[in-house]
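**Q** Kindly generate the corresponding structure for this input.
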Amino acid sequence: MLRLSEHLRGRPIEVCDQFYYCQLYQAHQIMRHIGPVMDIMQAEKQFKRVLEQCHQAPGRDRVWIVVDRKNRPQGLFSAHRSRKDPSTVVIGIILKQDIQGQGLAQTITSSMCQHLASILLMSRIIAEHGIENHASRKLLSNLGFRPCGTRESSHGVLEQMEWTNPMNQSVLNGATDS
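**A** Numbering: from 1, shown residues only. A predicted model of the protein is given here:
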């Protein structure tokens, strides 16, 4: 299990997570800044596709379920390696509504970026969020992400932000302490 904060851990998504995953994607209050709310059939289809991708390409597609100390799901974090540029990973996070606004998204995202940069050696980390989601933009800016473009998706217009963490850049550019 991956330590995300004092009270939260991340574990790879499993078949037993289908109910929880589908609940997240069907909740209007959670999805309002992420994308369209899904019906049960859409959510189940997406879950099966994501689970299959994670098992077929574990080095490229990863989804972690964020759990508390009692192993109760609190959200999810995804990292999908770009097909165009294998050194780039696109990340996303969804948290239950009752734990939003407590600084956990920032803590989890920071932990995951450090993991992706130092353990998985990703040289470029991109986060995407709805163009109108100002809270996500602020959170990502506070972590050292900078706007790098937009793209159209089934979720509408997404702003793309690139992680510019100095530790990440120095490690990945081969800098050494002299």
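**Q** In contact with the spatially closest residue to Gly156 that is not a sequence neighbour: list those residues for me.
**A** Nearest residue to Gly156 in three dimensions, chain neighbours excluded: Gly130, at 6.2 Å (C-beta to C-beta, 6 or more residues apart in numbering). (Glycine included, C-beta is placed from N, CA and C.) Gly130 is in contact with His33, Ile34, Gly35, Ser136, His155, Gly156, Val157, Leu158, Glu159, counting by C-beta atoms under 8 Å, 6 or more residues apart in numbering.
**Q** quick one: which of the residues you listed sit in strands?
**A** Among these, the residues falling in strands (DSSP state E) are Gly156, Val157, Leu158, Glu159.
**Q** which one among these gets closest to Ala117?
**A** Glu159 (21.2 Å; C-beta to C-beta).
**Q** Just grab the bridge partners of the closest one for me.
**A** Taking DSSP bridges as the rule, Glu159 bridges to His129, Thr150.
**Q** so how far is Glu128 from it?
**A** Applying C-beta to C-beta, to the nearest Å, the value for Glu159 to Glu128 is 7 Å.
**Q** What's opposite Pro73 in the beta bridge?
**A** Bridge pairing for Pro73 - DSSP bridges - gives Val67.
**Q** mind listing what it touches?
**A** Applying C-beta under 8 Å, 6+ apart to Pro73 gives the contacts Asp17, Tyr20, Ile65, Val66, Val67, Lys96.
**Q** Trp163 now?
**A** When the contact criterion is C-beta under 8 Å, 6+ apart, the partners of Trp163 are Cys113, Ala117, Arg124, Ile125, Ile126, Ala127, Leu143, Gly144, Phe145.
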